[in-house]
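Below are the sequence and a predicted model; questions follow.
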Amino acid sequence: MREEESYMNGFRQSKIEVAVVGDGASGAILCAQLLRSIRPDEIHVRWLGRSKKFGLGLAYSTSDPDHLLNVPSKGMSAFENDPLHFLNWVQARDKKASPESFLPRQWYGEYLSALVPAGHPSLTVHPDDVMQIQKVSHSYQITTRKNETHPADVVILAIGHCLSKARFGRRPSFPLAEVDGQARILIVGTGLTMVDTVLTLGRAPRQNEIVAISRHGLLPMVHARHDGNPGASHFRKIIHGSKPPTLRQAFAAMRTDCAEAESRGGDWRSVVDDVRPFIPSVWKSFSPADRRQFLRHVVHFWDSHRHRMPPEVAEKIYYLINSGRLKIKKGRFTSLVEEDGSWTVNWRSDTHELRRERFDHVFDCTGLSRDLGATDSPLVRQMLRDGLLVISDPPLGAFPAPEAAGLEVLGHLLRGEYWESTAVPEIRKQAAAIVDRLLKLLN
Ligand SMILES: Cc1cc2nc3c(=O)[nH]c(=O)nc-3n(C[C@H](O)[C@H](O)[C@H](O)COP(=O)(O)OP(=O)(O)OC[C@H]3O[C@@H](n4cnc5c(N)ncnc54)[C@H](O)[C@@H]3O)c2cc1C
């Protein structure tokens, strides 16, 4: 149990100082929800982040119109209790947008940037890199790269993906327009980040030949409209049973549900979508051993079914595959060496043959790290060292230490606790719970 009483006792008599660290979608959604709920004389919100433009973060800073949301617009509101908030905002600019549309991610970035009212009397915005957060008596002191310090009674960490250096070549955030249109390209990873990269590098008049390799060679499945029936009845039954299910039981129930759905002319997607809201609680009830088993044996299968491509994106990807410009391969690297501006890659195929190929560019699209302990973030390293954050088991993320009253965390950092913790439906729910806790302390 967190020591809420003691951190309440430590509050100043004047406004409560709340610091939101992180300027991506999580920070924007949290600030928007908080500013909607408070009176200006109650709380002062300091929003700190290192980006030039707040609210976009990793996912929504793209300007490529082919990069679409992978969730229909009806699922992307920043407010759980106002589910059409994003759709209504979009329809004011594009009447054709429907609840089922997969809209450009750039539009969603614009929505997020507009969410937090500039000039709100309770808000100050601080573009700076947060280097340290230290506990000082009952409150916190934040130190930035510019060596400024900020006091805070409550700190909310919304620092997102904590990407470390690329393990293979470069991250796809490298300006892809600079890549020669004839260059031969290797992409490591075959998930949605690979799909984004291919959409940009595959577009005419470019003629790049692209090879994408992953251990299982699984592409994301494609979204298809379904009416939500049948749901995951076996899965629901076992999670509501007297004992929490093991990984094996949960997965077996889901497979049965999918098989039954397909045999009745339904769609496995209705089962996966029905299961998804239960994942945080099911994951929490799994033993660390089961969580590790999931990461070793199930995650690639789950990810390809859960993180799906919009149909219009899939059409472009399959066109490139069918025309021979994109090759999806299954394999593992044995070495990858850069010399004289090109890369020599040795890899072993799924049939155990050793292959050697040369590429002009290598992009690391392997996604999120599974070891927060190896993060490059000085802030996270310091907070782990000082015992303010505790690393999860397995080390996918971290959570506030019981002694760190007044420290809140949302989004990607909670992946170790909930697994499903990085998409907007989970982020807005976590943000609402944090705002609720803050309001309770005020009353
Ligand atoms: C390519 C891509 C597409 C996606 N598409 C969808 C989708 O369609 N639908 C959906 O629901 N979800 C989608 N997601 C999931 C997505 O992760 C979330 O929706 C959201 O972007 C997470 O935002 P965040 O703020 O938690 O993290 P981030 O986007 O990583 O933002 C964190 C911000 O904090 C800043 N920061 C970090 N550390 C510090 C520090 N020490 N000091 C100051 N600033 C700091 C970072 O610079 C960054 O700007 C997608 C994710 C990706 C990567």
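Cool, the structure landed. Numbers count the residues shown, from 1 in each chain.

Kindly list the longest helix within this protein.
Using DSSP state H to assign secondary structure, the helix with the most residues in the chain is helix 424-442.

Please save the CA atoms from that helix in CSV.
What follows is helix 424-442 as a C-alpha-only set of coordinates in CSV (Å, rounded to 0.1, in the frame of the first residue of the first chain):
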residue,chain,number,x,y,z
VAL,A,424,-4.3,4.7,-26.2
PRO,A,425,-7.1,2.7,-24.7
GLU,A,426,-4.9,1.6,-21.8
ILE,A,427,-3.1,4.9,-21.5
ARG,A,428,-6.3,6.9,-21.1
LYS,A,429,-7.6,4.5,-18.5
GLN,A,430,-4.3,4.7,-16.5
ALA,A,431,-4.4,8.5,-16.8
ALA,A,432,-8.0,8.6,-15.5
ALA,A,433,-7.0,6.4,-12.5
ILE,A,434,-4.1,8.8,-11.7
VAL,A,435,-6.4,11.9,-11.9
ASP,A,436,-8.9,10.1,-9.7
ARG,A,437,-6.2,9.5,-7.0
LEU,A,438,-5.1,13.1,-7.1
LEU,A,439,-8.7,14.4,-6.8
LYS,A,440,-9.3,12.1,-3.9
LEU,A,441,-6.3,13.6,-2.1
LEU,A,442,-7.7,17.1,-2.7
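
Show me which residues of it are buried.
Neighbour-count burial for helix 424-442, with 16 or more other CB atoms under 10 Å as criterion, is recorded at 424, 426-428, 430-432, 434-435, 438, 441. In short, each C-beta sits where N, CA and C put it, glycine included.

and that helix, how far out from the chain's middle?
Computed by CA atoms, centre = their mean, to the nearest Å, the separation of helix 424-442 from the middle of its chain amounts to 18 Å.

is it fair to say residue 282 lies in a helix?
Yes. Secondary structure of residue 282, determined by DSSP: H, G, I helix; E, B strand; the rest coil: located in a helix.

which residues touch it?
With contacts taken as CB atoms under 8 Å, 6 or more residues apart in numbering, residue 282 has the following neighbours: 239, 244-245, 250.

mind listing the helices for the stretch 301-443 of the chain?
Under the criterion DSSP state H, counting those that start in this stretch, the stretch 301-443 of the chain contains helices at 311-322, 378-385, 415-418, 424-442.

Let's have these in JSON lines, adding distance to residue 372 and mean pLDDT.
Rendered in JSON lines, the data for the helices of the stretch 301-443 of the chain read as follows (distance: least, CB to CB, whole Å; pLDDT from 0 to 100):
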{"stretch": "helix 311-322", "distance to residue 372": "30", "mean pLDDT": "97"}
{"stretch": "helix 378-385", "distance to residue 372": "7", "mean pLDDT": "97"}
{"stretch": "helix 415-418", "distance to residue 372": "7", "mean pLDDT": "96"}
{"stretch": "helix 424-442", "distance to residue 372": "17", "mean pLDDT": "94"}
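
Rebuild those helices as TSV, extending it with distance to the ligand.
What follows is those, written out as TSV (distance: least, CB to the nearest ligand atom, whole Å):
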stretch	distance to the ligand
helix 311-322	11
helix 378-385	4
helix 415-418	10
helix 424-442	4
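
Kindly reformat those helices as CSV containing distance to residue 25.
Putting those into CSV (distance: least, CB to CB, whole Å) gives the following:
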stretch, distance to residue 25
helix 311-322, 20
helix 378-385, 19
helix 415-418, 15
helix 424-442, 6
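
and of these, who's closest to residue 117?
When these are ranked by distance to residue 117, counting by CB to CB, first place goes to helix 424-442 at 16.0 Å.

low-scoring pLDDT stretches of the stretch 1-150 of the chain, where are they?
When residues are selected by pLDDT under 70, those of the stretch 1-150 of the chain lie in 1-13.

tell me which parts of it are close to the ligand?
21-27, 48-51, 57-59, 69-71, 129-130 (CB under 6 Å from any ligand atom).

Is it possible to mark the buried ones in those residues?
When those are checked for burial by 16+ other CB under 10 Å, the buried set is 21-27, 48-49, 51, 57-59, 69-71, 130.
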